[in-house]
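**Q** Sequence plus the predicted model coming up.
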Amino acid sequence: MENLSLEFYTALMSIIFIDLVLAGDNALLIGMVAKNLPSKQQKKVIVAGTIAAILMRILFTLLAVKLLELDGLLLIGGVMLVYIAIKLLVSEENTGIRPASKTFLGAVWTIMLADFLMGIDNIIAIAGASSGNMLLVVIGLLISIPIIVWGSTIVIRIIEKFPVVIYLGAAILAWTASKMIIRDAYVQPFLTNPLPILLFQILLILIVVLIGFILRHLNREAIKKYKFQPFK
């Protein structure tokens, strides 16, 4: 019985540690999404988005074994995360115009989707650490909720005070996407040496930041001339 308890708590600590590692990225992502909404809705989106993302992650952890069998999943997820990083960077432009897509439900959906994409590796790691014990998974994820909510609120305040931080956020999301892509079964044969891998990751980050910068500039110019935001 003591051995079982020791195994339980050891596994629980492992899961909590895994969650805490991802919590920083999650808080950054959720803060970036919530920042696009009116201040009255930000707290609601942070809480709702976090809870929805956690529940979805619990569901997909149950399917982790099947997810492992899907070659190309990390590649697809990484590409989608690149798109999300650029979209968040572009839509962050403080123009005074709020695109129709920036709704409460839209923000929650973005958080859920991006959290899942960022957390594929996490889901697999948690499934392994739990050894199939879903009670461990649920407890570990629930513990991470207040950390993510608190962190997201801090991120919003930082972005409001230092808007340039949004580029750092996009770069971190791009870095996460690059790690997913290089671990995919279809990509690994082409990236076997450390140097090409590092160059690919740096290049992807530069591409995301550059595209985001250009689209933000085009948005700013279009709004000045036509009161219209072409890229949302």
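**A** Yep, that arrived.

**Q** In contact with the closest residue to Gln42 other than its chain neighbours, which residues?
**A** Closest residue to Gln42 apart from its sequence neighbours, by Cβ to Cβ, 6 or more residues apart in numbering: Ala34 at 4.5 Å. Bear in mind the C-beta positions are built from the backbone N, C-alpha and C, glycine included. Shown in contact with Ala34 (Cβ atoms under 8 Å, 6 or more residues apart in numbering): Gln41, Gln42, Val45, Ile46, Gly49, Ala107, Ser152, Ile156.

**Q** Pull out the buried residues from these.
**A** Buried by 16 or more other Cβ atoms under 10 Å: Gln41, Gln42, Val45, Ile46, Gly49, Ala107, Ser152, Ile156, out of the contacts of Ala34.

**Q** pLDDT score for the first one?
**A** So the one you mean is Gln41. Looking at Gln41, its pLDDT reads 82.

**Q** and if you look at the third one?
**A** At Val45, the model reports a pLDDT of 85.

**Q** ok, it to Leu59 distance?
**A** Relative to Leu59, Val45 is positioned 21 Å away (Cβ to Cβ, to the nearest Å).

**Q** And Gly106, by the same measure?
**A** 21 Å.

**Q** Comparing the two, which shows the higher neighbour count?
**A** Taking other Cβ atoms under 10 Å, Gly106 and Leu59 do not tie; Gly106 has more neighbours (16 against 11).

**Q** Give me the helices and strands touching the helix or strand containing the more buried one, please.
**A** If you go by DSSP states H and E, Gly106 is part of helix 104-118. Applying 3 or more Cβ pairs under 8 Å, 6 or more residues apart in numbering; DSSP states H and E, we find helix 104-118 packed against helix 2-34, helix 39-62, helix 73-91, helix 165-182.

**Q** Leu141: which of the ones you listed is closest?
**A** Across the helices and strands packed on helix 104-118, Leu141 has its closest neighbour in helix 39-62 (4.9 Å, Cβ to Cβ).

**Q** Could you figure out how far that closest one is turned away from helix 104-118?
**A** Helix 39-62 and helix 104-118 are oriented at 40 degrees to each other (axes from the mean of the first three to the mean of the last three Cα atoms, to 10 degrees).

**Q** ok, and for helix 39-62, which residues are buried?
**A** Within helix 39-62, the residues scored as buried using 16+ other Cβ under 10 Å are 41-42, 45-51, 53-54, 56-58, 60-61.
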